[in-house]
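Undergrad: below are the sequence and a predicted model for it; my questions follow.
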Amino acid sequence: MYGKFAEIYARGEYPRFSAAAAGLLPPVLRQFKMKPRTVLDVACGEGTFAVAMAKNGHPVTGVDQSREMLRLARMRARTEGVRVRFLRRDMRSLSFREEFDLATCWYDSLNYLLRQEDLERTFRGVRRALKEGGFFIFDMNNEHALSVVWQRNPSNVQQDDAETFEVHRPSWDPKRRIATLRITGFIRSGKMWTRIDEEHRERAYGLPKIRRCLRNAGLRELAVWGSIRDMTPVRPGNGRVWIVAQKS
Ligand SMILES: C[S@@+](CC[C@H](N)C(=O)[O-])C[C@H]1O[C@@H](n2cnc3c(N)ncnc32)[C@H](O)[C@@H]1O
């Protein structure tokens, strides 16, 4: 996952998500009187959020499992003229010497964890990485997103321009609550097109399960929203939950 596809990801609309998250964060920080200095971005991908936070003056560490995403992230930081520490890490086994004020995990990265024990293990790692009183803010796709929104069409063309072509073919396993996206992409270099095939799987976790994992990991829930922009409760039709938690 996120091998050659990283390039297609970076060329697409995807990085807009965490760019928006960076813009929406300040009111959330104010709401909880958070004044974080150090930031850990878990599953940082190609670095859009980490770089935005570094530009705002925060010392930032970004971790991801994908070498390719990290390569693009380092390039982005270099181009934007900021220092960010990017490390290749599996989010299921986070361990750092230092502790952070704020941890984030954006754009349904946690849905990639297909086993509940992995979700809990990740939360435990985040807790270990935080200072006492530190905050963890993240989003996850819910069942509505994965079983309804993703499944509306048997195939979706995501990108189609002179350099890039990308198509998704989704399916849903109701027993395991896992959505699979078969992704086929083409990247042009000169007259040649390179084909890329990847299979991405995301699991839907109900709120009670997420809450249990947070509790077991020692993270206290401060807010659960269906919209981080409006900070409103989850309503039917919201495809995503946004959660603010604290190490306590
Ligand atoms: C949808 S992308 C989101 C990237 C970034 N957070 C953003 O908002 O653009 C999901 C990311 O999760 C990462 N990821 C998936 N499983 C992971 C794991 N076990 N440990 C670390 N990163 C993981 C992938 O490599 C990918 O970069």
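TA: Thanks, I have it.
Undergrad: the ligand contacts on this structure?
TA: Within the chain, the positions lying close to the ligand (CB under 6 Å from any ligand atom) are 2, 14-15, 17-18, 43-45, 48-49, 64-66, 69, 90-92, 106-109, 112. C-beta here means a position set from N, CA and C on the backbone, and glycine is covered the same way.
Undergrad: try it again with 5 Å
TA: Contact residues (CB under 5 Å from any ligand atom) of the chain with the ligand: 2, 18, 43, 45, 64-66, 69, 90-91, 106-107, 109, 112.
Undergrad: pLDDT and neighbour count added to the residues you listed, as a markdown table?
TA: Converted to a markdown table, the residues of the chain next to the ligand look like this (pLDDT from 0 to 100; neighbours: other CB atoms under 10 Å):
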| residue | pLDDT | neighbour count |
| --- | --- | --- |
| 2 | 96 | 22 |
| 18 | 96 | 25 |
| 43 | 98 | 25 |
| 45 | 98 | 26 |
| 64 | 98 | 26 |
| 65 | 98 | 16 |
| 66 | 98 | 20 |
| 69 | 98 | 26 |
| 90 | 98 | 14 |
| 91 | 98 | 23 |
| 106 | 98 | 22 |
| 107 | 98 | 22 |
| 109 | 98 | 23 |
| 112 | 98 | 17 |
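Undergrad: in helices only, show me those.
TA: 18, 69 (DSSP state H).
Undergrad: OK, contacts around the most centrally placed residue in the chain?
TA: By CA atoms, centre = their mean, the mean C-alpha position of the chain lies nearest to residue 106, the distance being 2.9 Å. Residues in contact with residue 106, defined by CB atoms under 8 Å, 6 or more residues apart in numbering, are 17, 18, 21, 41, 43, 49, 138, 139.
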